[in-house]
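Chemist: Mind folding the following:
(2 chains)
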Protein chains: 2
Amino acid sequence: MTDQGLGKDDKTPRTARGERTRRALLAAAAQEFGEKGFHEGSISGITRRAGCALGSFYTYFDTKDDIFRALVADMSGQVRDYVSPRIAEARDGIDAERIGLLSFLEFARSHKELYRIIDESEFVDAAAYRAHYENTAARVATRLAKAAERGEVRPDVEEVHAWAIMGMNVFLGLRYGIWDDSRPADEIAAIANALIEKGIGTRPD
Amino acid sequence: MTDQGLGKDDKTPRTARGERTRRALLAAAAQEFGEKGFHEGSISGITRRAGCALGSFYTYFDTKDDIFRALVADMSGQVRDYVSPRIAEARDGIDAERIGLLSFLEFARSHKELYRIIDESEFVDAAAYRAHYENTAARVATRLAKAAERGEVRPDVEEVHAWAIMGMNVFLGLRYGIWDDSRPADEIAAIANALIEKGIGTRPD
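Modeler: Next up is the predicted model:
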């Protein structure tokens, strides 16, 4: 609740200009929290980066927690919106996972603050953290189930495979997207995709 | 440095009793930080849980940061010491990865504070966080390289496979170890292991 007694829903921008200001504040929050972390980051740091008055902040957000929560949901959505249309171009269910990792690596390399923000949500807003991963895993599981229907992956694919593939992608993104981006992203994606498609075992069938 | 002008090295316990007190403080710190997180956790909370005087804390640690860093290294080592001897019993390199995940799931289920502490180190001590995962991935890579020499996995296994397998394990541990431990651990380990061995693709060779 705000001083004016307005509920959260009343903070949704109603004009294009308002939407631009809200987006500028979220982009500034990504920089502020990405560099300083949640505890050291401040609302004044965010408005300074966004080049807007402190009052504008309170037009769209209630508290530092509030904008952090909005930022986690926004970044989670940005990943989805970057990756999903690229996956839609895949030739089959296995190729979809290659493109999923490739485009995630691209996104992580150009949004180096991504991990720090999502990871810190575990401590600032545990529900947002869990939602981010449960939603991501659910999208992988849906893709795999459709690929199984088309006969492109084993018929017994299930939730465990979805969490395994997501976990792979998260750590390959950390290692080859955030910490060291010197190897070509398509090389990483091809190696991981071959592991998903054929495994690495040599035992005869 | 302490008030007595002793360096860090002088804080290593020299007696069995001292070692027991240090271990009791680390176990208490795991509880304190696991429940409250680093920022809300306190040295007095740790000594209260350990049932020892505040002075004892400063015999073995300098600061809250200092014991947190020691705790991350200790938990990282506990995981390794639980998993490694079990992996040594594996029948081959693929089975080693099954046992690796199985024993990690067992450890996570009985140490529910594990993730919160390791994950928070990203914000409290980034070097300890990175070291934990780089060391873990290096152990997987070494296992895979030896299995490749024995012809049990493909000869081209490399670092990407190690990070992929570790990432799988971390997220399967979060989902099926910490958040919901209702499915049998050996079922999760068998599904993930089949993915590593044979993949999930149906394209003909």
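
Chemist: Please name the residues that touch A:Ser56.
Modeler: Residues counted as contacts of A:Ser56 (CB atoms under 8 Å, 6 or more residues apart in numbering or on different chains) are A:Thr21, A:Leu25, A:Thr47, A:Ala50. From N, CA and C alone the C-beta is placed, and that goes for glycine too.

Chemist: 7 Å instead?
Modeler: A:Ser56 makes contact with A:Thr21, A:Thr47, according to CB atoms under 7 Å, 6 or more residues apart in numbering or on different chains.

Chemist: same deal with A:Leu144?
Modeler: With contact set as CB under 7 Å, 6+ apart, A:Leu144 has these partners: A:Gly93, A:Val153, A:Val157, A:His161, A:Ala162.

Chemist: go with 8 Å
Modeler: Counting by CB under 8 Å, 6+ apart, A:Leu144 makes contact with A:Gly93, A:Val153, A:Val157, A:His161, A:Ala162, A:Ile165, B:Ile200.

Chemist: A:Gly34 now?
Modeler: A:Gly34 sits next to A:Lys112, A:Glu113, A:Arg116, A:Ile117 when contact means CB under 8 Å, 6+ apart.

Chemist: In which helix or strand does it reside?
Modeler: According to DSSP states H and E, A:Gly34 maps onto helix A:16-40.

Chemist: okay, the angle between that helix and helix B:16-40?
Modeler: Helix A:16-40 runs at 160 degrees relative to helix B:16-40, counting by axes from the mean of the first three to the mean of the last three CA atoms, to 10 degrees.

Chemist: picking that back up, which of the contacts of A:Gly34 fall in helices?
Modeler: Judged by DSSP state H, the contacts of A:Gly34 include A:Arg116, A:Ile117 as members of helices.

Chemist: Select from the contacts of A:Gly34 the one having the most neighbours.
Modeler: Among these, A:Ile117 has the most neighbours (other CB atoms under 10 Å in any protein chain shown), with 22 neighbours.

Chemist: and that residue, how far is that from chain B?
Modeler: Note on A:Ile117: its distance to chain B, by CB to the nearest CB, to the nearest Å, is 11 Å.

Chemist: Was I right to think that residue contacts A:Gln31?
Modeler: No - in this structure, A:Ile117 is not within contact of A:Gln31 by CB atoms under 8 Å, at 10.3 Å.

Chemist: Identify the farthest-apart pair in the contacts of A:Leu144.
Modeler: Pairwise distances across the contacts of A:Leu144 (CB to CB) peak at 12.2 Å, for the pair A:Gly93 and A:Ala162.

Chemist: What strand or helix carries the residue nearest the centre of chain A?
Modeler: What sits nearest the mean C-alpha location of chain A, by CA atoms, centre = their mean, is A:Ser76, with 3.4 Å. Element membership for A:Ser76, per DSSP H and E: helix A:64-87.

Chemist: helices or strands next to that helix in the packing?
Modeler: When contacts are defined as 3 or more CB pairs under 8 Å, 6 or more residues apart in numbering or on different chains; DSSP states H and E, helix A:64-87 sits against helix A:16-40, helix A:43-50, helix A:93-110, helix A:114-124, helix A:126-149.

Chemist: Go through it and flag the buried ones.
Modeler: Residues of helix A:64-87 classed as buried: A:64, A:66-76, A:79, A:83, A:86-87 (neighbour count, 16 or more other CB atoms under 10 Å in any protein chain shown).

Chemist: between the contacts of A:Leu144, which is nearest A:Phe171?
Modeler: The closest of these to A:Phe171 turns out to be A:Ile165 (CB to CB; 11.4 Å).

Chemist: and the closest one, how many neighbours?
Modeler: Count around A:Ile165 with other CB under 10 Å applied: 29.

Chemist: Provide a list of residues in contact with it.
Modeler: Going by CB under 8 Å, 6+ apart, A:Ile165 touches A:Glu97, A:Gly100, A:Val140, A:Leu144, A:Ile196, B:Met168.

Chemist: can you tell me how far the fourth one sits from B:Ile200?
Modeler: So the one you mean is A:Leu144. 8 Å (CB to CB, to the nearest Å).

Chemist: Domain-wise, how is chain A divided?
Modeler: Chain A breaks down by automatic domain parsing into domains covering A:7-62, A:69-198.

Chemist: need the ones you listed in TSV with mean pLDDT and distance to B:Phe57, can you?
Modeler: Formatted as TSV, the domains of chain A follow (pLDDT from 0 to 100; distance: least, CB to CB, whole Å):
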stretch	mean pLDDT	distance to B:Phe57
domain A:7-62	91	23
domain A:69-198	96	24
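
Chemist: just those: most buried one?
Modeler: Mean neighbour count (mean count of other CB atoms under 10 Å in any protein chain shown) peaks for domain A:69-198 among the domains of chain A, with a mean of 19.

Chemist: Assign the closest residue to A:Val140 other than its chain neighbours to helix, strand or coil.
Modeler: The spatially closest residue to A:Val140, leaving aside those adjacent along the chain, is A:Ala162, at 4.0 Å (CB to CB, 6 or more residues apart in numbering or on different chains). Three-state assignment for A:Ala162 (DSSP: H, G, I helix; E, B strand; the rest coil): helix.

Chemist: is it true that A:Ala162 touches A:Ala141?
Modeler: Yes - using CB under 8 Å, A:Ala162 makes contact with A:Ala141 at a distance of 3.8 Å.

Chemist: on that earlier part again, can you give me how far the helix holding A:Gly34 is from the chain middle?
Modeler: How far helix A:16-40 lies from its chain's middle: 16 Å, per CA atoms, centre = their mean, to the nearest Å.

Chemist: Likewise for stretch A:112-123?
Modeler: Its chain's C-alpha centre and that of stretch A:112-123 lie 9 Å apart, by CA atoms, centre = their mean.

Chemist: what's that stretch in contact with?
Modeler: Contacts of stretch A:112-123 with the rest of the structure, by CB under 8 Å, 6+ apart, involve A:30-31, A:33-35, A:37-38, A:68-69, A:71-72, A:75-76, A:79, A:107-108, A:128-129, A:132, A:173-174, A:178, B:37, B:39, B:116, B:119-120, B:122-123.

Chemist: Also stretch A:66-77?
Modeler: Stretch A:66-77 has contacts (CB under 8 Å, 6+ apart) with A:8, A:25-26, A:29-30, A:33, A:38, A:43, A:46, A:57, A:60-61, A:111, A:114, A:117-118, A:121, A:124-125, A:128-129, A:131-132, A:135-136.
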